[in-house]
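# Below: sequence and its predicted model.
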Amino acid sequence: QVQLVESGGGLVQVGGSLRLSCAASGGTFSRYKMGWFRQAPGKEREFVATTRWIGTNTYNADYADPVKGRFTISRDNAKNTVYLQMSRLKPEDTAVYYCAATAVADGEYDYWGQGTQVTVSS
């Protein structure tokens, strides 16, 4: 069983930056596909970013169009942690951000964190 705990959310002004962290326990973290999702009030949960193992010490990353060029996903396998660096934040980035994990590279996410609130004020 994998447990995920997000942290780093908070209130930030438009144009500011924030870094979210997701600490994982259980499982072989280095081989897990890790993702970030978000859910704004009254909206469906949406994909933000993912990082996936594709070979020896090699990972790829993919992003949703609204965050490309502003958000960066990274991971520290020694710390079993995945990060989401968010820059040039906009009011529409306001949401609860969730971390997710799966052991299946092309599969659906099996494990989810409890979420962390990000609020961008204008």
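Ah, there it is.

# which residues make contact with stretch 34-43 from outside it?
By CB atoms under 8 Å, 6 or more residues apart in numbering, the residues outside stretch 34-43 that reach it are 20, 22, 24, 45-52, 73, 75, 82, 84, 92-101, 109, 115, 118. Every C-beta, even on glycine, is put in place using the N, C-alpha and C of the backbone.

# Could you do stretch 61-70 as well?
By CB under 8 Å, 6+ apart, the residues outside stretch 61-70 that reach it are 46-52, 71-73, 86-89, 92-93.

# hmm, 6 Å instead?
Contacts with stretch 61-70, where a contact means CB atoms under 6 Å, 6 or more residues apart in numbering, come from Phe47, Val48, Ala49, Thr50, Thr51, Ile73, Ser87, Arg88.

# Correct me if wrong: Cys99 contacts Ala24.
No. Using CB atoms under 6 Å, Cys99 is not in contact with Ala24; the gap is 8.0 Å.
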